[in-house]
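**Student:** model this:
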Amino acid sequence: MLLQIPMVCSLSLINSILQSSLTKSVPSSQTGTMLGLNMAVHSTIRTVAPTIGGAMMANLGYPSIGYLGMGCNMVVLLLLKMLDLQ
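**Tutor:** Here you go, the predicted model:
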């Protein structure tokens, strides 16, 4: 229970920062579209993620979730490095 309080606070901050960054990255005429797409993707991920996580845990075991997170972070890091070089 005590670990949930910092997690909720950090997720709230991340969501606010993400929405602010997204609205500043598009023209003001497309702000509503960007926020709508953001919420659509967010809702889809929240719907699909438990199913994928459950299938991973049942078939591959608990460590597979950490390996997936590590792989995703490595891909993001490589993409950011490639964008920085250009």
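
**Student:** low-confidence ranges in the chain?
**Tutor:** The chain contains residues with pLDDT under 70 at 85-86.

**Student:** what are the ranges of the helices in it?
**Tutor:** Using DSSP state H, the helices of the chain run over 4-24, 31-60, 63-85.

**Student:** how about those helices in TSV, adding mean neighbour count?
**Tutor:** Just so you know, the C-beta spots here come from the backbone N, C-alpha and C atoms, and that holds for glycine as well. Output for these, formatted as TSV (neighbours: other CB atoms under 10 Å):
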stretch	mean neighbour count
helix 4-24	11
helix 31-60	11
helix 63-85	10
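
**Student:** gap between residue 26 and residue 9?
**Tutor:** Distance, residue 26 to residue 9, using CB to CB, to the nearest Å: 27 Å.

**Student:** tell me the contacts of residue 6?
**Tutor:** Taking CB atoms under 8 Å, 6 or more residues apart in numbering, we find residue 6 in contact with no residue.

**Student:** oops, could you answer that again for residue 40 instead?
**Tutor:** By CB under 8 Å, 6+ apart, residue 40 has no neighbours at all.

**Student:** please report the distance of residue 9 from residue 3.
**Tutor:** From residue 9 over to residue 3 (counting by CB to CB), the distance is 11 Å.
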